[in-house]
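Peer 1: Any chance you could fold what I've pasted below:
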Amino acid sequence: MKKKLRSIVAVVAFLPFVCSCVGSFEEYNTNPYEPHKLNPPMLFAQMITTGINVQQNDNQMIDQMVAGPFGGYLTMSNSWGGANFNTYNQTDAWNQIPFNTPFEKFYPNYFQLEKATGGKGHFWAMAKLLRVNTMHRVTDCYGPIPYSQIKAGNTSVGYDSQEEVYNHLFEDLDFAITTLKAFVAETSLKPLAGYDEVYHGDYKMWIRYANSLKLRLAIRISGVAPELAQKKAEEAVADEGGLIETNDQNAMVGVGAEPNPLWLVGFGWGEIRANATIVSYMNGYTDPRRADYFTTSTLAGDKLFAGMRSGLAGVQPATYKAYSIPNYEQKDAMMMFCASEVAFLRAEGALKNWAMGGTAQAFYEAGIRLSFEQHKAGGVEAYLANSDAVPEAFADVKGNSKCGYIPQTKITVAWNEAADEKEKLERIITQKWIANFPLGFEGWADYRRTGYPEIFPTVDNLSQGGISTERQQRRLPFPFSEKKGNSTNVQAAVVLLGGPDTGATDLWWAKKN
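Peer 2: Numbers count the residues shown, from 1 in each chain. All right, here's what the predicted structure looks like:
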């Protein structure tokens, strides 16, 4: 990470904002230098890209350094000052970035749109949809967050419990879906054309996205609110607006003038490598998608694809220089949602006997086929039929004995209809996780929710006993900026959390054992 890292500087430059991070929103709606008349489409470009950070430093600090290791996809090959997320001892300054950055970047434009639209119409519907897209990642990091009480002009914003947040997420999605469907029924206009890096202003595609996101969130809460989850999942599947079902409907975010951040941090800065967990799974399965996911290593021997264990204290980029890197080109678009994930979500719903439009096996196998097609990989039928291969044991090629790991899972690829529900769920989640690379937030969420896949634990746990190496990081503590500037509401949020404000406390929807 470069010394001029914007997100570190922001901790200082942003202090007037974070005196209450969410308590100074009125400043964004009273800028005397803004144009009197807004052009609403111009406000959407940044709002779209807060759902998956395109800006290089934001992506590194949030998608790579938090979600990457916790989701089993990426490993940091630099220890910087020695206080890092992947060793469970990140600084207060770093810990608040996944909270402050989305709030800072999203809500100014959101409030401008609220003023410009009067809280009505298709632009407002898109703003609501994009709020869900951004803030579901924040709540799934921290738990309770400010959501329903956020209004322009608020000076002290209370938190909703995570259960309440999810209820509001569904409300916003339902409003967006209904409003956008009414708009496309009346006109073929594309008001966001030229400002939309994902679907180029096509609201029909955004409706598919909204239904798919609704399905994702329904599955997320299925263990704690099964009736609501089933209702919302079945609504999403039955909606005439459709889901993301083919690869040409995938939500891919163009990087515009920016370089792809995974390419930049991997090849330019040398600070990420492929995580040993996903490489060991894919090596064990001899997965044909590996060549699209990772670069081949330059290590001697037969290790074509070599992963690196996460959480090595004191590591430097040169030490693991020869290991596999996420395989991206400079201008590659970034995946935000893909058809294979939707198929796996439906597979899990079908496993619960929900009305998903097919069987768990059919959607499971469709998800794998869609992923192979997406990555232009051959051999899908042989892969689907493989009932023997399991994830391989990991041994550090450089001989670091403490990095060795033998997976306990014996999960195979081929569907086994005679298996119990637990095994079927592990199979679905494992293949969903492979297909979703590099969406670390989804991998981390599924691991906390189900215990699958078997993400290798951090090598060096520097939390001083605060976080279990076995159970791993469960959440991020509330930001220091909020504890300092919005302390009363944060104290109430800790009560809503239901446990200590540490990285070891489970979220509302997470696995409790």
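
Peer 1: Tell me who's in contact with the most centrally placed residue in the chain.
Peer 2: Closest residue to the average C-alpha location of the chain: residue 441 at 2.8 Å, with CA atoms, centre = their mean. Going by CB atoms under 8 Å, 6 or more residues apart in numbering, residue 441 touches 63, 67, 71, 137, 140-141. All C-beta spots, glycine's among them, are computed from the backbone N, C-alpha and C.

Peer 1: that's a helix at it, yeah?
Peer 2: Yes. Counting by DSSP: H, G, I helix; E, B strand; the rest coil, one finds residue 441 located in a helix.

Peer 1: before we move on, the earlier item: tell me which two in the contacts of residue 441 are the farthest apart.
Peer 2: Comparing every pair within the contacts of residue 441 by CB to CB identifies 63 and 140 as the most remote, at 13.0 Å.

Peer 1: three-state assignment of residue 358?
Peer 2: Residue 358 - assigned by three-state DSSP - is coil.

Peer 1: Serialize the contacts of residue 441 to TSV and add fields for neighbour count and distance to residue 211.
Peer 2: As requested, the contacts of residue 441 are arranged in TSV below (neighbours: other CB atoms under 10 Å; distance: CB to CB, whole Å):
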residue	neighbour count	distance to residue 211
63	25	24
67	25	24
71	28	24
137	22	19
140	26	19
141	22	24
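
Peer 1: Would you state the strands of the stretch 101-250 of the chain in chain order?
Peer 2: With DSSP state E, counting those that start in this stretch as the criterion, the stretch 101-250 of the chain has no strands.

Peer 1: ditto for the stretch 251-400 of the chain
Peer 2: Going by DSSP E, counting those that start in this stretch, the stretch 251-400 of the chain shows strands at 251-253, 272-274, 334-337.

Peer 1: Check which helices and strands the last one is in contact with.
Peer 2: To tie it back to what came earlier, the one meant is strand 334-337. If contacts are counted by 3 or more CB pairs under 8 Å, 6 or more residues apart in numbering; DSSP states H and E, strand 334-337 sits against helix 203-220, strand 251-253.

Peer 1: Can you say which of the strands of the stretch 251-400 of the chain is nearest to residue 371?
Peer 2: Across these, closest to residue 371 is strand 334-337 (CB to CB), at 11.1 Å.

Peer 1: How about the closest one, which residues are buried there?
Peer 2: For strand 334-337, burial by neighbour count (16 or more other CB atoms under 10 Å) applies to 334-337.

Peer 1: Out of the strands of the stretch 251-400 of the chain, flag the one nearest residue 96.
Peer 2: That would be strand 272-274 among these, by CB to CB, at 21.7 Å.

Peer 1: Mind giving me the packing neighbours of that closest one?
Peer 2: Here strand 272-274 touches strand 74-76, going by 3+ CB pairs under 8 Å, 6+ apart.

Peer 1: tell me the contacts of the closest residue to residue 204 other than its chain neighbours?
Peer 2: Spatial nearest neighbour of residue 204, excluding adjacent residues (CB to CB, 6 or more residues apart in numbering): residue 184 at 5.5 Å. Contacts for residue 184 (CB under 8 Å, 6+ apart) come out as 203-204, 207.

Peer 1: shaky segments in the stretch 101-250 of the chain?
Peer 2: Along the stretch 101-250 of the chain, segments meeting pLDDT under 70 span 153, 155.

Peer 1: Would you agree residue 170 is in contact with residue 216?
Peer 2: No. Between residue 170 and residue 216 there is no contact under CB atoms under 8 Å: 11.5 Å.

Peer 1: Can you pick out the residue with more neighbours from those two?
Peer 2: Neighbour count, other CB atoms under 10 Å: between residue 170 and residue 216, residue 170 has more, with 21 against 18.

Peer 1: what sits against the more buried one?
Peer 2: 214, 217, 228, 232 are the contacts of residue 170 under CB under 8 Å, 6+ apart.

Peer 1: now residue 431
Peer 2: 344, 364, 367-368, 371, 413.

Peer 1: Ramachandran coordinates for it?
Peer 2: Backbone torsions of residue 431, given as degrees, to the nearest 10, read phi -70, psi -30.

Peer 1: mind checking the longest helix of this structure?
Peer 2: helix 162-186 (DSSP state H).

Peer 1: quick one, that helix and helix 203-220 angle?
Peer 2: 160 degrees (axes from the mean of the first three to the mean of the last three CA atoms, to 10 degrees).

Peer 1: for helix 162-186, which positions count as buried?
Peer 2: For helix 162-186, by 16+ other CB under 10 Å, it's 162, 164-170, 172-174, 176-177, 179-181, 183-184.

Peer 1: Off-centre distance for it?
Peer 2: Centroid displacement of helix 162-186 relative to its chain, using CA atoms, centre = their mean, to the nearest Å, is 20 Å.

Peer 1: One more: stretch 435-446?
Peer 2: So, by CA atoms, centre = their mean, the centroid of stretch 435-446 is 6 Å from its chain's centroid.

Peer 1: For stretch 255-263, which outside residues touch it?
Peer 2: Outside stretch 255-263, the residues touching it (CB under 8 Å, 6+ apart) are 53-56, 59-60, 63-64, 197, 268, 272, 326, 328-334, 438.

Peer 1: Dump that stretch to PDB, keeping only the CA atoms.
Peer 2: Output in PDB follows, covering the C-alpha atoms of stretch 255-263 (Å, rounded to 0.1, in the frame of the first residue of the first chain):
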ATOM      1  CA  VAL A 255     -13.300   0.900 -14.200                       C
ATOM      2  CA  GLY A 256     -13.400   4.000 -16.400                       C
ATOM      3  CA  ALA A 257     -10.200   6.000 -16.100                       C
ATOM      4  CA  GLU A 258      -9.000   4.000 -13.100                       C
ATOM      5  CA  PRO A 259      -6.900   0.800 -13.500                       C
ATOM      6  CA  ASN A 260      -8.400  -2.400 -12.200                       C
ATOM      7  CA  PRO A 261      -7.500  -2.300  -8.500                       C
ATOM      8  CA  LEU A 262      -6.700  -6.000  -8.300                       C
ATOM      9  CA  TRP A 263      -4.400  -5.700 -11.300                       C
END
